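What would the 3D arrangement of this be:
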Amino acid sequence: MSVIMTLLVLVLVIVVLGAVVTGIFNKLVTYRNRYKNAFAQIEVQLKRRYDLIPNLVETAKGYMKHERETLEAVIHARNQAAGGLQKAAADPGNAEAIAGLSAAEGVLTGAVGRLFALAESYPDLKANQNMMQLSEELRSTENRVAFARQAFNDGVTTYNTYKQTFPAAMFAGMFGHGQDAALLQFDSEEIQQAPKVAF
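Here you go, the predicted structure:
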């Protein structure tokens, strides 16, 4: 009788342990998928931003003939940021890819900011309807990027916190969740805010 009781207790312990481990695995996958989905939203908004920039440069080109270096810097920075986005989108949990995207976005924001600062010297460009519309769309996109980035960072924080707590910390590495996901942060206040454009 005691052997049967011991076996029942052992089976019950194994079932409970199996349920706990399965729950931990499922939660890790769920949280990882949430931050990856949040990154997909960032990707959509950044691609929209990258699509707007060549139009902005093309519009400015007609008025800013002597500012070729600035215009080329914007396009170069846009292409670098697009490459950084592609690498980060392939693995949003890769800290190096996220850091590369952050750095590239910082360079792009600085280049676009210089373009807008130079545009202030060209009254006809400031009054151009296409330029005003593109500037407004870019500002709107910057706000969407900020909201999407916040959702991504919230998802990453939730994932990292869960996998670092007991009992998930005991199993996370075994399930392929050993490395923490990285937050998408920008280096300066200038980047954290949408560029202020006044036309």
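
how many other residues sit next to Asp154?
14 (other Cβ atoms under 10 Å). Where C-beta positions appear, they are placed from N, C-alpha and C, glycine not excepted.

and the next element down the chain from the helix or strand hosting it?
Here Asp154 sits within helix 129-164, counting by DSSP states H and E. Going down the chain from helix 129-164, the next helix or strand is helix 168-171, by DSSP H and E.

Could I get the buried residue list for that following helix?
Ala168 (16 or more other Cβ atoms under 10 Å).

follow-up on the earlier one: and the helix holding Asp154, what does it pack against?
With contacts defined as 3 or more Cβ pairs under 8 Å, 6 or more residues apart in numbering; DSSP states H and E, helix 129-164 has these neighbours: helix 2-61, helix 95-119.

Same question for that helix: list its buried residues.
Buried residues in helix 129-164, defined by neighbour count with 16+ other Cβ under 10 Å: 131, 134-135, 137-138, 141-142, 144-145, 148-149, 151-153, 155-156, 158-160, 162-163.

just to revisit the earlier point, may I see the helices and strands packed on helix 129-164 arranged in a markdown table, with mean pLDDT, mean neighbour count and distance to Leu125 as well?
Rendered in a markdown table, the data for the helices and strands packed on helix 129-164 read as follows (pLDDT from 0 to 100; neighbours: other Cβ atoms under 10 Å; distance: least, Cβ to Cβ, whole Å):
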| stretch | mean pLDDT | mean neighbour count | distance to Leu125 |
| --- | --- | --- | --- |
| helix 2-61 | 95 | 15 | 6 |
| helix 95-119 | 94 | 19 | 5 |
